[in-house]
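Student: need a structure here:
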Amino acid sequence: MSKNSDVILQQHDGAVCWISLNRPERLNTVTPELYEALYEKVAAAADDPDVRCVVLTGAGKAFCAGRDLKQPPMPAAASSGAWLEQRQDYLRRHVRIAHALHEMPKPTIAMINGACAGAGLSFAGACDLRIASTDALMTSAFLKAGLSGDMGGTWFWTRILGAGKARRLYLLSERFNAQEAEAFGLVDKVVPAEQLRAKVAEIANDLVAASTQTLRYAKAALNAAEDGHLEAILEFEAMAMAFSGIDAAARAGEIRQGFDPAG
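Tutor: Next up is the predicted model:
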């Protein structure tokens, strides 16, 4: 088994932070140890002003095949009540990963290089974009394991796919190859496996060509639109467009003096 320092790999390429789950011998299935290490890396990238885009992927031939069923997520409990309390605390703690991927003020990309199931599917849904290789295979898998689903997946996928498709995804646990996943709406683009990293790098670098301010306001507006009323979103967009356009306006000569929020 990998050591704690090795279960998550991180690499910086300019303003892009690449985070890789690193248990290839177990298809990058999640364990408590991996969850803790992954949250640390994602949270650090979210707070790092030099990082303007985050790519999440998996080492080897899988993105993340869900929970490692050979390892219990928690120690044995003295009673069913104690087990329920411990289990809920465990899930609440680790769902921070999906929340951070979705809410951080910079774009996130899931680079899906192979099997993507369970928690892995939820993590993919938490990201802003999903780019898959032709080797990708996606499924919810929760019901087949006797589970209902976690890590925010039902929320993310209902908003990405719509209510009907999200129910099909979770209740039937169908397996989608890369082309089927693209047609269903699970991924935004499919590219040949040997071109996957180069294509994701191209997309990430296109994103970071925008200013940090523009990326922050664009993502904030998109997140607000998921639950907001039209009037509130129109007002938010007006504010976001004005603030994100300050630099461009200054370059165009529309602002003759330094920016003063009060003026």
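Student: strands along the stretch 101-250 of the chain, start to end?
Tutor: When secondary structure is read from DSSP state E, counting those that start in this stretch, the stretch 101-250 of the chain shows strands at 108-112, 115-117, 129-133, 137-139, 176-177, 189-191.
Student: got the CA coordinates for the third one in CSV?
Tutor: What follows is strand 129-133, C-alpha atoms only, in CSV (Å, rounded to 0.1, in the frame of the first residue of the first chain):
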residue,chain,number,x,y,z
LEU,A,129,-15.2,20.4,-17.1
ARG,A,130,-14.7,16.7,-17.8
ILE,A,131,-12.4,15.5,-20.6
ALA,A,132,-12.2,11.8,-21.1
SER,A,133,-9.9,9.4,-23.0
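Student: just list what that strand packs against, helices and strands only.
Tutor: strand 108-112, helix 178-184, strand 189-191, helix 196-208 (3 or more Cβ pairs under 8 Å, 6 or more residues apart in numbering; DSSP states H and E). C-betas here are computed from N, CA, C, even on glycine.
Student: so for Gln11, which of the ones you listed sits nearest?
Tutor: When the helices and strands packed on strand 129-133 are compared by Cβ to Cβ, helix 196-208 sits nearest Gln11, at 11.1 Å.
Student: next, the angle strand 129-133 makes with the closest one.
Tutor: 160 degrees (axes from the mean of the first three to the mean of the last three Cα atoms, to 10 degrees).
Student: report the contact partners of Ala178.
Tutor: 132-137, 187, 190 (Cβ atoms under 8 Å, 6 or more residues apart in numbering).
Student: ok, so of the residues you listed, who is nearest Glu85?
Tutor: When those are compared against Glu85 (criterion: Cβ to Cβ), the nearest one is Leu137, at 35.2 Å.
Student: separation between the closest one and Ala98?
Tutor: Note on Leu137: its distance to Ala98, by Cβ to Cβ, to the nearest Å, is 21 Å.
Student: with Arg23 instead?
Tutor: 19 Å.
Student: check Ala224 too.
Tutor: 18 Å.
Student: any low-confidence regions in the stretch 1-150 of the chain?
Tutor: 1-5, 73-75 (pLDDT under 70).
Student: redo that, cut-off 90
Tutor: 1-5, 67-94, 141-150 (pLDDT under 90).
Student: now do the SS call for Cys17.
Tutor: Assigned with DSSP: H, G, I helix; E, B strand; the rest coil, Cys17 falls in the strand class.
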